[in-house]
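# next come a sequence and a model predicted from it.
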Amino acid sequence: MGISQVFLVLVRLLVLVVLARWITPAEFGLAGIVLLVVGFSDMIAGLGISLAIIQRKELSDGHIVAGWGINLAMSLMFAAMLYAASSTFAFYAGQEELVPLFQLSVLLFPINACSAIPKALLSRELRFKRLAVIDMVAFTLGYGIVGIVLAVQNYGALSLLSASLARAFLSMFLLWWVAPRFRFQRVSWQVCKDLLAVGPGYGIAQVGNYLARNADRFVVFKVFGAATLGVYTQAFMLAQHPENFLGQTIDQVLFPIMSSCQDDLQWVRRTFCRGCVLFGAFISPLTIPLITASTEVVLIALGPQWEEAGPVFQVMAFLLVIHFVNKLNICLTRATGAVYRRAWRIWMHLVLVLAFVWIGSSYNLIMVAIGVGVAALINLIMMTQLSLYLMQMSWGTFLKQFVRPGSIYIAVLAITWYATDLTRDAIAIDAVVVAVSLLVTFGIYASLIAFAPGLLLGDESQWMLNSIWKAIPSRFRDVRLVQQFLHQARVAS
């Protein structure tokens, strides 16, 4: 985790906290539905070309130019279609104020199309540090400053949309500035066919995944209205903050690496198993404080007007465990080129989401979130079955990776929940409740790593401890407490 990524996490949280105090739930809902429609259309327009460029073993300038041209042409076409249909969308939603928002949002299409290929080239060359810096600068100067300035001046939903445009434009400029250079040239139909043979498979999976991840918000908007969508979206964004950061890091790192070694089945299998260990020991514990102190986290982060988001946020925090595990499945299936096998499972996930969310919408917002969770669990089973088939691994071997960390997770969750409830009854201070939840959770896990790493990490304990040592910045390796902690862990292992 680089400094730029840590800084971006903090900036995202700060911007979320500030905007939640200046923009109403209804305004968040209006901007949210516009960006959902734009994101869906933009993903269709992309046709998965960027992922096809990353995945190709041999890439020429012709492939790059063809990918750029296809992306731009499709994006302009979809921008024109959305602009023309803006009044229809607004009429269907019963919100006339959506018309200018949709018309302004079409500018995102050509901007995102011009950014896609440079970003794919940087990912292909594993230049993740540059991508992280670009994301940090674009979000801070583009989304953060523009969004907050306009929100303070009471521009409401327009401030969120303008912030998204500013971020996209600045990101496009920086990507073209630092991306590897290529020579523009005429391309043959064969070059286009190389990309279109694989790209649509990635694109179909992307569109299905996008709809599956966001169909619940479309239903919430239709059934409950813009204000309730704003509450639901904020709970979703706050809960997804860890996933967007860690999940994006996992995806950016593992996908290109697995793609480069996709023919070495033994290496891919070992990397997958180590990813499971990493998840169980270091990523899943992050969800425990969010679950046990959900209401307090919402009140501290968003303010009292968002208290209704607390129960929804708690359900979303539970879902982080499923999403993190599924990240490994997604990286594996994309890296091995099993895009069409993955695609039908994703579309099946979409059907499940729509079915369970529609049932949940007959009751309340919490049941909608639970419906999303049930669909996500079924999807996890389907995607894991595909991963195991590709790796030629049995279910028993896979589940063995989670027996110890899963049992420990449930035990720590129960202990932390009990301690948090006691603190909530004794001291009704939000910050204290959250602090107790954090201390109990990470205190237990730190003790396990120090005194019983084999219990938590299993056969990969030595590899994991060595990886921790390498990940520690050099200036901290001489700290006596750090040395004693890792020495004790190695001895116990």
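Alright, I've got the coordinates.

# please make it C-alpha for all contacts and neighbour counts, starting now.
Fine.

# residues of the helix or strand containing Ala376 that come out buried?
According to DSSP states H and E, Ala376 maps onto helix 365-391. Neighbour-count burial for helix 365-391, counted by 16 or more other C-alpha atoms under 10 Å, picks out 365-377, 379-380, 382-384, 386-388, 390-391.

# and the helix or strand that it is followed by, what does it pack against?
Per DSSP H and E, the first helix or strand lying C-terminal to helix 365-391 is helix 395-426. On a contact count with 3 or more C-alpha pairs under 8 Å, 6 or more residues apart in numbering; DSSP states H and E, helix 395-426 meets helix 265-278, helix 287-292, helix 365-391, helix 430-451, helix 453-457.

# any idea of the angle the first one forms with helix 365-391?
The directions of helix 265-278 and helix 365-391 differ by 150 degrees, with axes from the mean of the first three to the mean of the last three C-alpha atoms, to 10 degrees as the criterion.

# now the angle from helix 265-278 to helix 395-426?
Going by the same axes, to 10 degrees, helix 265-278 makes 20 degrees with helix 395-426.

# what separates helix 265-278 from the chain centre, distance-wise?
Distance of helix 265-278 from the chain centroid (C-alpha atoms, centre = their mean, to the nearest Å) equals 21 Å.

# cool, and the last one?
Average the C-alpha atoms of helix 453-457, do the same for its chain, and the two points are 28 Å apart (C-alpha atoms, centre = their mean).

# and it, average pLDDT?
Averaged across helix 453-457, the pLDDT comes to 71.

# where in the stretch 251-400 of the chain is pLDDT low?
Regions of the stretch 251-400 of the chain meeting the criterion pLDDT under 70 cover residues 251-265, 337-340.

# at 50 instead, please
Within the stretch 251-400 of the chain, not a single segment meets pLDDT under 50.

# packing partners of the helix holding Ala376?
Counting by 3+ C-alpha pairs under 8 Å, 6+ apart, helix 365-391 packs on helix 189-224, helix 265-278, helix 310-335, helix 339-361, helix 395-426.

# highest mean neighbour count out of those?
helix 310-335 (a mean of 22; mean count of other C-alpha atoms under 10 Å).

# count the residues that sit near Ile53.
For Ile53, the count of nearby residues is 24 (other C-alpha atoms under 10 Å).

# and what of Phe7?
15.

# contacts only, for it.
Contact partners of Phe7, counting by C-alpha atoms under 8 Å, 6 or more residues apart in numbering, are Met136.

# element containing it?
Per DSSP H and E: helix 3-20 holds Phe7.

# before we move on, what about Tyr363?
Secondary structure from DSSP H and E places Tyr363 outside every helix and strand.

# what about it, distance to Ile370?
Separation of Tyr363 from Ile370 (C-alpha to C-alpha, to the nearest Å): 11 Å.

# and what of Arg404?
26 Å.

# helices or strands up against the strand or helix carrying Leu35?
Leu35 is part of helix 25-46, with elements assigned from DSSP H and E. Applying 3+ C-alpha pairs under 8 Å, 6+ apart, we find helix 25-46 packed against helix 61-84, helix 98-105, helix 108-124, helix 157-178, helix 189-224, helix 226-242.

# now the helices and strands packed on helix 365-391 in CSV, with distance to Pro285?
As requested, those are exported to CSV (distance: least, C-alpha to C-alpha, whole Å):
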stretch, distance to Pro285
helix 189-224, 23
helix 265-278, 11
helix 310-335, 9
helix 339-361, 26
helix 395-426, 7
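
# so which of those helices comes closest to Leu299?
Leu299 sits nearest to helix 310-335 of all the helices and strands packed on helix 365-391, at 8.0 Å, using C-alpha to C-alpha.

# look up the pLDDT of Gln484 for me, please.
Looking at Gln484, its pLDDT reads 52.

# check Leu59 too.
pLDDT, read off for Leu59, is 69.
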